[in-house]
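S.K.: just a sequence and a predicted model for now, questions to come.
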Amino acid sequence: MPDMMFFPQKSESKPIIYTYEHIGVKSQEGYIKVGYTEKTAEERVYEIEHTGAVPYRILAYWSAMKNDGSCFSDHDVHAVLKKKGFRQLNEGDDRNEWLRCNIDDVEAAVTSVKTGTENIENRTKDFKMRPEQEDAVNRTMTYFQSAYAENSGRTPKFLWNAKMRFGKTFASYELAKKMGFKRILILTFKPAVQTAWREDLMTHIDFEGWQFICRPEKHGDPSTDEQYQKADKNRPIVCFGSFQDFLGVNKETGGIKAKNEWVHTTNWDLVIFDEYHFGAWKDNAKKLFESDEDSYEEDLSKYCC
């Protein structure tokens, strides 16, 4: 009886989508090749190019495997890129793999194929939460839900003692998504972390359609107030700002800064205090809340509503 393999072993190959460009070829400026191989990118490109005299540069490569273990090809990626309007070199004359796009466009197309989404916003990240992040999110959800069930009217608060590299920004957004929060306010004593909060929100496929509002980067850009007024209120809105700005007072009147009144009147679903330890116990921080040392309260939530 011939040998029969009822359970064939999973292939050891590691298929990839790779990209590279020719250097110094005028007619190919702006075009990159998007291909598929089960070898390394270096090996495959060398096979293609070693007989020619044109210098080339390998740009990037990504796994061509979905989370369920199935594979996809460069044709799938080409189809997504073409649907988004990226054109082939000498389109109509041949069926080459050269397209007028950049690395981010290809990565977004790969993400689209992997996740089975349209990925209209060209998002490039699709990683999942790690076990410790899922645990933090689930514990927080359980606590919030129990507080709501009590119907006491109190605002639930939950502290994440997150160590360096925990990924609190991504996990925080996942918490907001799982709980259906649509208005998220992030307050920090360290405005420099804005980049991390923006990047996780605007590049990950899980948050497609979400909007990020922050202090304008250059003169003439819309203010946070203007950004909020123009935002689509039917989609989630994340507003990032510093304690110093949003909770600061008008030096002349002593009241809320006029440009920040909207922050105080908006009914936020979730308020996140980030990098709180950088300023919470300093005298200058206490002055932000119009309290002297004797009357200062540790609970800052009343200043955020």
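M.R.: On my side now, so go ahead.

S.K.: helices along the stretch 151-300 of the chain, start to end?
M.R.: 168-178, 194-203, 224-230, 243-246, 261-265, 283-288 (DSSP state H, counting those that start in this stretch).

S.K.: who wins for proximity to Ala79 among the ones you listed?
M.R.: helix 194-203 (22.3 Å; C-beta to C-beta). For the C-beta atoms, the positions are set from N, CA and C on the backbone; glycine is no exception.

S.K.: for the closest one, which outside residues touch it?
M.R.: With contacts defined as C-beta atoms under 8 Å, 6 or more residues apart in numbering, helix 194-203 is touched by 121, 123-125, 169-170, 173, 186, 188, 207, 210, 212, 214-215, 238, 240, 274.

S.K.: next, the angle from it to helix 168-178.
M.R.: Here helix 194-203 points in a direction 40 degrees away from that of helix 168-178 (axes from the mean of the first three to the mean of the last three C-alpha atoms, to 10 degrees).

S.K.: what helices or strands is the helix or strand hosting Tyr46 leaning on?
M.R.: Assigned by DSSP states H and E, Tyr46 falls within helix 41-49. With contacts taken as 3 or more C-beta pairs under 8 Å, 6 or more residues apart in numbering; DSSP states H and E, helix 41-49 sits against strand 16-22, strand 31-37, strand 56-63.

S.K.: go with 7 Å
M.R.: In terms of contacts (3 or more C-beta pairs under 7 Å, 6 or more residues apart in numbering; DSSP states H and E), helix 41-49 is packed against strand 16-22, strand 56-63.

S.K.: pipe these into TSV and attach mean pLDDT per row.
M.R.: Formatted as TSV, the helices and strands packed on helix 41-49 follow (pLDDT from 0 to 100):
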stretch	mean pLDDT
strand 16-22	96
strand 56-63	96
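
S.K.: which of these sits most buried?
M.R.: With neighbours taken as mean count of other C-beta atoms under 10 Å, these reach their highest mean count in strand 16-22, at a mean of 22.

S.K.: what pLDDT is listed against Cys305?
M.R.: As predicted, Cys305 sits at a pLDDT of 34.

S.K.: with Phe144 instead?
M.R.: Predicted confidence (pLDDT) for Phe144: 94.

S.K.: got it, and His50?
M.R.: As summarised for this prediction, His50 has a pLDDT of 89.

S.K.: so what's the residue count around it?
M.R.: 7 (other C-beta atoms under 10 Å).

S.K.: would you mind measuring from it to Ile272?
M.R.: Distance of His50 to Ile272, given as C-beta to C-beta, to the nearest Å: 53 Å.
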